[in-house]
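K.L.:
take this sequence and fold it.
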Amino acid sequence: MMEDLFTEATQNFEKGLTAFKKELSRLRTGRANLAILDGVKVEYYGSPTPLAQIASVNISDPRLITIKPWDKALIGSIEKAILAADVGITPSSDGNLVRLPIPPLTVERRKELAKQVSKMAEAARVAVRNNRRDYKSLLDEDDTIPEDEQHKLVKRLQDLTDSYIAKVDAVAAEKEKEIMEQ
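P.N.:
Numbers count the residues shown, from 1 in each chain. The predicted structure follows:
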């Protein structure tokens with residue numbers, strides 16, 4: 001039963017880490033990254049449709065994303081959707097292709113993004129600690145576990161928590177490094 005609890009805890013910690021990485025991937029870092037367009041929905045036949053389902057989205061060079069819609073009539077809708085999604089990039093088109101030039105980041109913007117990464121990392125650490133608290137309360141409520149065994153299990157849970165907090169910190173440090181390099 002205890003192994004199931006630790007397996008479940010590990011899975012929850014891993015889900016939190018994956019969500020944190022995905023959230024970080026949406027930050028614009030001065031390089032072309034298709035993840036910044038993940039939340040863009042284009043009005044297509046009356047329903048909001050993800051951009052990737054109605055167009056070919058590519059990185060043509062490190063500072064340019066190109067979007068080639070399968071239906072050229074959607075170019076205006078794609079531009080409006082990108083502007084509405086507030087990804088921080090102004091699209092331009094030539095009638096066949098929508099281009100998203102990624103401007104270089106200013107020093108102030110880099111510092112602002114680094115602060116944002118720190119806030120996101122703190123939120124991820126809090127989520128890990130909340131998971132630990134939930135699993136610790138499950139251990140505390142179980143009267144069938146001897147007290148010394150319970151202390152060992154709590155220590156093991158704390159070690160698992162510490163390892164995931166270290167992973168969050170490592171991912172955040174890597175992202176901050178990526179943001180700050182020119």
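K.L.:
what about the strands in this structure?
P.N.:
Along the chain, counting by DSSP state E, strands occupy 41-44, 47-50, 55-61, 64-69, 92-93, 98-101.
K.L.:
can you add mean neighbour count and distance to residue 33 and give those back as CSV?
P.N.:
(Each C-beta comes from the backbone N, C-alpha and C, glycine too.) Converted to CSV, the strands of the chain look like this (neighbours: other CB atoms under 10 Å; distance: least, CB to CB, whole Å):
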stretch, mean neighbour count, distance to residue 33
strand 41-44, 18, 18
strand 47-50, 12, 16
strand 55-61, 14, 8
strand 64-69, 19, 8
strand 92-93, 13, 19
strand 98-101, 18, 11
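K.L.:
turn the ones you listed into JSON lines, including mean pLDDT and distance to residue 23.
P.N.:
Listed next are these as JSON lines, based on pLDDT from 0 to 100; distance: least, CB to CB, whole Å:
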{"stretch": "strand 41-44", "mean pLDDT": "88", "distance to residue 23": "18"}
{"stretch": "strand 47-50", "mean pLDDT": "88", "distance to residue 23": "18"}
{"stretch": "strand 55-61", "mean pLDDT": "89", "distance to residue 23": "20"}
{"stretch": "strand 64-69", "mean pLDDT": "91", "distance to residue 23": "20"}
{"stretch": "strand 92-93", "mean pLDDT": "88", "distance to residue 23": "28"}
{"stretch": "strand 98-101", "mean pLDDT": "90", "distance to residue 23": "20"}
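K.L.:
residue 5: which of those is closest?
P.N.:
strand 47-50 (37.1 Å; CB to CB).
K.L.:
and the closest one, what other elements does it pack with?
P.N.:
For strand 47-50, the packing partners by 3 or more CB pairs under 8 Å, 6 or more residues apart in numbering; DSSP states H and E come out as strand 41-44.
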